[in-house]
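K.L.:
Any chance you could fold what I've pasted below:
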Amino acid sequence: MTTPTPNRAEPVLTDAESDVEVIHRQIVRELRDPEEGFERVPWFVWATVGVLVFWSGWYIGRRGGTFDTRTHVEYAQMAAPGATGDAPAAAGPVDAIAEGKRIFSANCQACHQADGKGVSGAFPPVVGSEWVTGDEKVLVRILLHGLQGPITVAGNTYDGMMPAWREALSDADIAHVATYLRQWAPNAAPAVSEATVKAERDAAAARTAPWTAAELGGK
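P.N.:
Numbers count the residues shown, from 1 in each chain. Next up is the predicted model:
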């Protein structure tokens, strides 16, 4: 008679083991945490950047002006009062003092100040200045070509540089501002004509460097 083989009993899970298995099954089903890295930038982002760069270059090229210093001079490219399109402005008397004051305010006031007394130790005065009320040709030369190096004005010495205005201002502009300076009280010197400015411009047409006080006959 054959002894029957006993059946193997199936493993019985305890309550603790059942909980562990359930927890691990949940973990296996979960997605792993994302890792930091250098993700590829989408192509449409690069395309957008390229379009913006191209458009910016085109816009600056069309709207940026000439990038010339004259572009920023208030009156350098202004049409004459009353002019429309290419039609010439109506002829009329020009108030040299009023026009000279406007030009001074737009270009010279930042250094020589609104009262014309300059800044001590930095920018010389134009009111009470012997350089302004003296030889008109000297003043015109300074306005046209600028001035550099030490200069004595009203008993005080200044050592700086004044820019040239020959490219930004016309002969009439130079004459107006020179007249305004020479007749700015207490200054009481004669007016400067446009013909005088033209003659000085032509006489030193080849000059590129600013004048010095010594060249102009002063200190």
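
K.L.:
Verify the assumption that residue 157 is located in a strand.
P.N.:
Yes. Secondary structure assignment places residue 157 in a strand (DSSP: H, G, I helix; E, B strand; the rest coil).

K.L.:
thought it was touching residue 149?
P.N.:
No. Residue 157 lies out of contact with residue 149 (CB atoms under 8 Å); the separation is 10.6 Å. The way it works is simple: take the backbone N, C-alpha and C, and place the C-beta from them, glycine included.

K.L.:
so where's the protein uncertain?
P.N.:
Low-confidence segments of the chain (pLDDT under 70): 1-38, 62-92, 219.

K.L.:
which residues of it fall in helices?
P.N.:
Read by DSSP state H, the chain holds these helices, from start to end of the chain: 15-29, 43-63, 96-107, 109-112, 130-133, 136-145, 171-182, 194-203.

K.L.:
I'd like to know which of those helices is closest to residue 211.
P.N.:
Among the helices of the chain, the nearest to residue 211 by CB to CB is helix 136-145 (5.6 Å).

K.L.:
Can you list the helices and strands that that closest one packs against?
P.N.:
In terms of contacts (3 or more CB pairs under 8 Å, 6 or more residues apart in numbering; DSSP states H and E), helix 136-145 is packed against helix 130-133, helix 171-182, helix 194-203.

K.L.:
Could you list the buried residues of that helix?
P.N.:
For helix 136-145, burial by neighbour count (16 or more other CB atoms under 10 Å) applies to 136, 138-145.

K.L.:
of these, closest to residue 116?
P.N.:
When those are compared for distance to residue 116 (CB to CB), residue 139 wins out at 13.8 Å.

K.L.:
right, and the closest one touches residue 179 too?
P.N.:
No. With contacts counted by CB under 8 Å, residue 139 stays clear of residue 179, the gap being 9.9 Å.

K.L.:
sorry, back to before: among the helices of the chain, which is the most enclosed?
P.N.:
Of all the helices of the chain, helix 171-182 carries the top mean neighbour count, a mean of 24, counting by mean count of other CB atoms under 10 Å.
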